[in-house]
Every structure is written in structure tokens, then in C-alpha cells.
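Colleague: Provided below are the primary sequence and the corresponding predicted coordinates.
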2 protein chains.
Amino acid sequence: MSEGYLPSPTERPAVSVDVVIFSLREGDLKVLLIRRAAPPFKGKWAIPGGFVRANESLEEAALRELEEETGVQEVYLEQLYTFGEPKRDPRGRIITVAYFALVVDDVSTHAGAEASETQWHSMHALPELAFDHAEILKYALQRLRYKLEYTAVGFELLPNEFTLTELQTAYEIVLGETLDKRNFRRRIQDAEVLSETNRYREGDGQGRPAKLYRYKKNATTEVKARRLFP
Amino acid sequence: MSEGYLPSPTERPAVSVDVVIFSLREGDLKVLLIRRAAPPFKGKWAIPGGFVRANESLEEAALRELEEETGVQEVYLEQLYTFGEPKRDPRGRIITVAYFALVVDDVSTHAGAEASETQWHSMHALPELAFDHAEILKYALQRLRYKLEYTAVGFELLPNEFTLTELQTAYEIVLGETLDKRNFRRRIQDAEVLSETNRYREGDGQGRPAKLYRYKKNATTEVKARRLFP
DNA sequence: CCAAAAGTGTTGGTTTTACACCCATGG
DNA sequence: CCATGGGTGTAAAACCAACACTTTTGG
């Protein structure tokens, strides 16, 4: 920023944030989309988003959108990329800062999503998307997979307590490949990001009850940069 | 982007791009900075940048800034992060999309930098910086180091033809650590991103002349996601 | 022939992958 | 007692880190 003048207001683009909200539901990786009620792209599906307000940071704007759509409180939220092609929105110059969020499939998540035009869609069967949102989703999935392999972010998709099999299944769903049970467990244990509880998942159908684990909150950063699942 | 209205022009933030331009010079990792001639932060150093014009993409804006400052043609350019704290610029709401660029230390680079207030600064001895630019530089260095370890981006800091020792030295300067010559060479060879020329670096002082290599342009992406220097 | 930089392999340790059986519970 | 899912170890292969000498050139 070396120039000494500010562009006149009419030369300014609008700035929005769009939040790619991922969740594991019904054994699938889903993303929350909103059906557009008005042109452009009326009837097409879009990533939730909105304009950045004068006195909020980008992250605050993203959290606000997230809460409006899902009612969630604690989430993993990370800035993804900024999309700014001049023609990406036919209404005018709109630059969007995309974020991605991971939310847990529990009751609180359903709260805000009462609008019938807000729905979870499988990442494997996406509808037609508005604007450049297909590109944004593609980028987000790539980043999520990458993050999952290199950091301990997978826990953000599960409730506080979970079994190792549930965790492995979460990884398998997102990565789209099966993992070896023993190797998976060894890596997770070696990463020292879990603590055992003395509770078990009971009455869960057949079979031996599985021990419940929790994620150690403070462990996240340490795991970064060390490959979890090479 | 679900909302059907656009914010009125007066509610809109200004959007700039700032480009962190790295180069290897005098055996050191340097960044191009501009001394601010006017308030705010008059006399402090800043990352080159400017406002995004109505009909250019973010990347085009970044390339334009880069060319204005350095006159360079081909460079490595990558979007870094978008900084948007409401108070980051005392003149008003300015959201900046930061990029980072790698340029080669050759004559063409000096062309545009005639302004006496544009100077290369060592990343190890940074002056006082304007705005949140210290944070942006910190982030950029982190990303550069990371990229260097995981991808074949190091070649972007060297001229078309270079010796393996020059390449190793480039890596050592950026990473801030020494590397083992034999292991380094093995990894580079195994990555199959270089092609030999039949020329040698001659009259370069003492010693046996070193073979010159070139980077295979198409090889970049293949190397991604496979750790080059763990 | 000396100084300077280029170039080249091996070994031991660690990490990763592939793989199969016994355990605890509920019905 | 059987069906279901939970839990556990080992061996071979791949990979990584540490390490020192010979080659080529110019002066």
C-alpha cells in the first residue's frame, strides 16, 4: 500500500465472505447450501455468504454467517482463498473471501437451518451451483483433505467424545479411501492428541463396546507440519 | 452470497493488493520495500501495493504492482492471505489481498526500482514497517519456507541455468539452515525436476567448473504434495 | 603441485506398510 | 454359543540421516 489516495467510493468493489460449511451426516461428507430465491442464478444453489460490515473483521463476518445458518457456537474456521475475477458476479464487482468451517452433526446444528431452502448436500452429488461456487467447493475439498492428512483437524467433525472407529470412519469418508485399522490407531496414538475417557459407547447395537476418547484441545498446533497420514 | 442487495458504495471497503517480493541478493533473502512519503506511517517502510482496479482480477492487480516495482516479466506469484481487520489502516476500511512473488536477481529486476525510496531489505534485518506489514512478512516467510520444503519452488529464485551448489545455497539461505550436499543432490535428482545442460559455470574463480542445470517447466505440479526436504 | 570447489555411495536407524487373530458384549 | 464390532503385534520394505574421499580445474 504505497499510494496516497483512496479510490472514490464508486470505484470500490463490494466485499463478501462465503463460508463453505462441511459436516459429516448420514455417513457422507455434506456441505450446507442455500437455494437462491432471486436472480442472478435464481433457483441455483449457493454457498452461504454475505457482505462484510463496516466494523467487523473478515473472520467475524464469517462467524456471523455461520451462526446465521447453523446456530453453531464452536467451530473450526479457516480462511480459504479470495476470489476476485471481475465477472464472477453479474451484479457488479464483488470480491469474496472464502472460508471453510467444520461443524458437528448434533442438534444445535439443525437449529438455524429451518429455512427450507437451506439444505445439506453430499459433496459427491452436488447440484448446479451459482457464481463460481463450484470452483470454491472444489478448492475447499482439496484443502480439507490436505489438512486432514497433515494436521489433527479431523476431530472437528466429531462430537466431544468419539470412538476410534468413528474417527477412522470420518477420515475415510473425507479422504474417500479406506485406511488400515491398526496403522490408523497407531498413528493417532503416536500423535498424542487423544485422551481416553473411562466411558464406553454402549447399546450401540452388536459387539464389544468401544472406548470413548476426547481430543486434547491444546494439541492441535503441535501436530501441524508433521504428517499424520502420509 | 445469498443476499439480494448490494451494499451502497459508501459502505464498501477499499480493496488493495500487496505483493511481498522476495529475491536472493548478496547471499541473503531480501524483500522489496517502499518508504512511505506521506502519512500515515510517513517514513516507515511498506510492502508495495495498490488498489484493485474495476476491471482487473486480483492476480492482474498483483502482476501490475510487481511490474511497476521491478519491471519483471516472468515470476512466481501466489496468493498468500487476505488481511481485513477494520483498524489495520487508519485512513479507513481497507482490505488487502496479499500475494508473494519470487524474482530472480538479474539486470531486468533493477529497471523499475529506480525510485530511491524503493529498496531491498534483508529479511533478517527489517526496518520498522507500516500498517500490519510486519505480520504479512512473517506470514510470507513462513509460507515460502513451507513451499520450499514441499514443492519445487526454489528454482524460481535462480536464473534459468544454475549449478547444484547454487541451488543448494538458495535453499540454505531461505531455510536458514545448512543441508547435506549428497542428500540434497540425491533428492533433487530423484525428484526429476532438473535437466542437465552440457555447459559449465566457468571462470567462476577457483575450482572445478560445475555443470549447469535447468528446471523442467512442466515438472512443478508433480512434485507438489510430496515432501522434497523433510 | 597446491588450493578450491565439484562430484559421488554406503550403512545403520527409523518409518511405513501389509497383514490376521483374539476379545468383549448382546441376543 | 454365535454374531458383531473392538482391540492388538510383527516382519519386510522403503526411506532418511550421517558421514569422507576422489576429481577437475586454475594459478
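Modeller: Happy to help now that I have it.

Colleague: doesn't A:Glu78 fall inside a strand?
Modeller: Yes: when DSSP: H, G, I helix; E, B strand; the rest coil is applied, A:Glu78 is found to be in a strand.

Colleague: which helix or which strand is home to the residue lying closest to it once chain neighbours are set aside?
Modeller: What sits nearest to A:Glu78 in space, not counting adjacent residues and going by C-beta to C-beta, 6 or more residues apart in numbering or on different chains, is A:Phe100, at 5.9 Å. For every residue, glycine as well, the C-beta is placed using N, CA and C. If you go by DSSP states H and E, A:Phe100 is part of strand A:94-103.

Colleague: give me the mean pLDDT for that strand.
Modeller: What strand A:94-103 shows for mean pLDDT is 97.

Colleague: next, the angle from that strand to strand B:94-103.
Modeller: Relative orientation of strand A:94-103 versus strand B:94-103 (axes from the mean of the first three to the mean of the last three C-alpha atoms, to 10 degrees): 90 degrees.

Colleague: and strand A:94-103, what does it pack onto?
Modeller: Packed against strand A:94-103 by the contact rule (3 or more C-beta pairs under 8 Å, 6 or more residues apart in numbering or on different chains; DSSP states H and E) you find strand A:14-25, helix A:58-70, strand A:76-83, helix A:133-150.

Colleague: would you turn those into a markdown table with distance to B:Gln206, mean pLDDT and mean neighbour count?
Modeller: Below are the helices and strands packed on strand A:94-103 laid out as a markdown table (distance: least, C-beta to C-beta, whole Å; pLDDT from 0 to 100; neighbours: other C-beta atoms under 10 Å in any protein chain shown):
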| stretch | distance to B:Gln206 | mean pLDDT | mean neighbour count |
| --- | --- | --- | --- |
| strand A:14-25 | 57 | 97 | 24 |
| helix A:58-70 | 55 | 95 | 20 |
| strand A:76-83 | 49 | 97 | 19 |
| helix A:133-150 | 44 | 94 | 18 |
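
Colleague: ok, which of these comes nearest DNA strand D?
Modeller: Proximity to DNA strand D (C-beta to the nearest atom of the strand) singles out helix A:133-150 among the helices and strands packed on strand A:94-103, at 14.4 Å.

Colleague: give me the residues contacting the helix or strand just after the closest one.
Modeller: Downstream of helix A:133-150, the next assigned helix or strand under DSSP H and E is strand A:161-162. Strand A:161-162 is contacted from outside by A:155, A:197, A:199, A:212-214, using C-beta atoms under 8 Å, 6 or more residues apart in numbering or on different chains.

Colleague: strand A:161-162 pairs with which strands, and in what direction?
Modeller: strand A:210-215 (antiparallel) (DSSP bridges).

Colleague: the strand it pairs with near DNA strand C at all?
Modeller: No: shown here: strand A:210-215 not in contact with DNA strand C (C-beta under 7 Å from any atom of the strand), separated by at least 10.0 Å.

Colleague: per-residue pLDDT of A:Ala225, please?
Modeller: For A:Ala225, pLDDT reads 36.

Colleague: check the one 5 residues further on too.
Modeller: Per-residue confidence (pLDDT) for A:Pro230: 35.

Colleague: what pairs with the residue nearest the centre of chain A across the strands?
Modeller: In chain A, the C-alpha nearest the mean C-alpha coordinate belongs to A:Ala101, at 2.9 Å (C-alpha atoms, centre = their mean). Applying DSSP bridges to A:Ala101 yields these beta-bridge partners: A:Ile21, A:Leu77.

Colleague: from A:Glu69, how far out is it?
Modeller: Going from A:Ala101 to A:Glu69 by C-beta to C-beta, to the nearest Å gives 10 Å.

Colleague: quick check, pLDDT for the residue in chain A that DNA strand C sits nearest to.
Modeller: At 3.2 Å from DNA strand C, A:Arg208 is the closest residue in chain A, using C-beta to the nearest atom of the strand. On pLDDT, A:Arg208 comes in at 94.

Colleague: what about it, neighbour count?
Modeller: 7 (other C-beta atoms under 10 Å in any protein chain shown).

Colleague: tell me the spacing between it and chain B.
Modeller: Distance of A:Arg208 to chain B, given as C-beta to the nearest C-beta, to the nearest Å: 38 Å.

Colleague: ditto for A:Asp132
Modeller: Counting by C-beta to the nearest C-beta - A:Asp132 and chain B are separated by 10 Å.
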